[in-house]
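Undergrad: how does the following fold in three dimensions:
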Amino acid sequence: MSTISMKQGLPLAVRGLQGVGAWICAILLMVAIAVGPVMMSGEHSVLVLAPLFAAGGYWLAARNDDGFLADLGVPLCMAGLGLLPLVLEQLGVRQHDWWDSLDYVYAGPSLLVWWFARNRQLQFVAALVLAMIGWYWLGGREPWYGYDSAGLVYAGVLRDTLVVVLLAWWWLLPPSWGERLAALRWALGLVALGMTLGGIDSFLRPEGSGAGAVGGTLLQVLQFGMPPALALLGVMAYGIRREQLPLRWLAPWLAVLPLVLMSPLFLYPLLFLWLAMLVPGRHRLLNGLGGAGAVYAFSRFYYLLDWPLLLKGVVLLGAGSVLLLLAWVLRRGSQA
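TA: As a prediction, this is how the structure comes out:
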């Protein structure tokens with residue numbers, strides 16, 4: 001089983017403490033070296049500090065010996081990349097306000113670090129930056145700059161559909177990208193789960209869209225909720241076929257599918273729970289993330305004002321009753 005945070009040699013708790021200590025030490029080191037010259041009218045110092053941090057951190061991380069220095073190199077390398085907007089300003093590249101275009105500044109360097117780095121932590125951090133940029137781009141950029149962009153709700157819907165397909169592909173039919181793939185699929189999954197449960201881009205859904213708006217028509221619900229739900233249903237159908245499971249095992253998932261149509265909160269928790277059943281070893285971390293996300297989604301969905309409380313209560317009671325009935329039927333079928 002391949003994970004991002006677990007390395008061989010040291011217990012997981014010790015590795016975690018070592019990593020936290022390395023990040024704290026890196027922050028103190030960067031404060032001591034960089035903040036003073038930059039704040040005291042020494043802006044040109046970033047021309048030296050950025051490549052020093054980036055190259056030095058990459059070299060330390062490339063040691064890949066699970067030691068403190070390798071862990072120290074990860075934040076140092078990313079800090080060097082973080083100084084790129086200041087470097088562009090000092091080089092006189094002023095065609096754009098680079099602080100308002102950080103996605104363009106960081107996309108290329110993060111892609112190179114993710115592809116060429118041999119340190120799994122550095123790969124994951126770079127993949128996390130790429131996943132956030134990709135999520136941002138696929139959802140449409142205009143809302144972040146205050147433009148009228150009600151039509152970009154379709155970008156968010158198509159993005160969720162694409163992410164469901166990508167995560168299913170990378171987990172169930174993984175390409176031969178080695179450790180790069182593990183870093184990218186975890187990064188994209190965490191970004192999708194966190195952004196959706198946190199409602200970070202909920203403003204992309206205009207009032208009256210039906211993807212959670214009071215009084216939304218059935219047509220609008222299907223329009224905005226159906227594409228990701230169909231992608232999730234396709235992933236489930238593929239899993240049933242690949243594992244040669246009886247079709248009745250798909251029934252519990254169909255019982256909660258109306259919740260996916262009503263709110264995107266349930267999309268990625270259900271996807272994680274389904275993938276946890278299909279990947280080798282019944283992946284515990286996927287199962288834990290999906291279960292925790294589902295609990296949070298249920299609790300948050302009930303108190304959202306997007307749908308009438310009576311309607312939400314009826315849907316939740318109906319789904320729960322169907323699940324209890326299916327559990328009894330499936331248990332009898334397995335004992336027969």
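
Undergrad: contacts and neighbour counts: CA atoms only from here.
TA: Noted.

Undergrad: count the neighbours of residue 255 for me.
TA: 16 (other C-alpha atoms under 10 Å).

Undergrad: typo on my end, residue 276
TA: Residue 276 has 21 neighbours, counted by other C-alpha under 10 Å.

Undergrad: go ahead and confirm it touches residue 283.
TA: Yes. When contacts are counted by C-alpha atoms under 8 Å, residue 276 is listed as touching residue 283 (5.0 Å).

Undergrad: secondary structure element for the residue lying closest to residue 227 once chain neighbours are set aside?
TA: Leaving aside its sequence neighbours, residue 227 sits nearest to residue 161 (C-alpha to C-alpha, 6 or more residues apart in numbering; 6.1 Å). Under the criterion of DSSP states H and E, residue 161 resides in helix 153-172.

Undergrad: can you tell me which residues contact residue 193?
TA: Applying C-alpha atoms under 8 Å, 6 or more residues apart in numbering to residue 193 gives the contacts 268-269, 293.

Undergrad: one more time with 6 Å, if that's ok
TA: Applying C-alpha atoms under 6 Å, 6 or more residues apart in numbering to residue 193 gives the contacts residue 268.

Undergrad: how close does the residue nearest to residue 227 get to residue 195?
TA: As judged by C-alpha to C-alpha, to the nearest Å, residue 161 and residue 195 stand 15 Å apart.

Undergrad: and what of residue 45?
TA: Residue 45 is 36 Å from residue 195, by C-alpha to C-alpha.

Undergrad: do residue 84 as well
TA: Per C-alpha to C-alpha, residue 84 is found 26 Å from residue 195.

Undergrad: quick one, which of those two is more surrounded?
TA: Neighbours were tallied for residue 84 and for residue 195 using other C-alpha under 10 Å; the higher tally belongs to residue 84 (21 against 16).

Undergrad: can you count the residues close to the residue nearest to residue 115 when sequence neighbours are not counted?
TA: Spatial nearest neighbour of residue 115, chain neighbours left out: residue 180 (6.5 Å); criterion: C-alpha to C-alpha, 6+ apart. Residue 180: 19 surrounding residues under other C-alpha under 10 Å.

Undergrad: output the helix or strand harbouring residue 180 as CSV, restricted to C-alpha atoms.
TA: In this structure, residue 180 sits in helix 179-198 according to DSSP H and E. Taking Å, rounded to 0.1, in the frame of the first residue of the first chain, the C-alpha atoms of helix 179-198 are listed here in CSV:
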residue,chain,number,x,y,z
GLU,A,179,5.3,7.9,-6.8
ARG,A,180,4.2,10.9,-8.9
LEU,A,181,0.7,9.4,-9.3
ALA,A,182,0.3,8.7,-5.6
ALA,A,183,1.2,12.3,-4.8
LEU,A,184,-1.1,13.8,-7.4
ARG,A,185,-4.2,11.6,-6.7
TRP,A,186,-4.0,12.3,-3.0
ALA,A,187,-3.5,16.0,-3.6
LEU,A,188,-6.4,16.3,-6.0
GLY,A,189,-8.7,14.2,-3.7
LEU,A,190,-7.9,16.3,-0.6
VAL,A,191,-8.4,19.6,-2.5
ALA,A,192,-11.7,18.4,-4.0
LEU,A,193,-13.0,17.1,-0.6
GLY,A,194,-11.8,20.1,1.3
MET,A,195,-13.1,22.7,-1.1
THR,A,196,-16.5,21.1,-1.5
LEU,A,197,-17.1,20.4,2.2
GLY,A,198,-15.9,23.9,3.0
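
Undergrad: many thanks, we can stop here.
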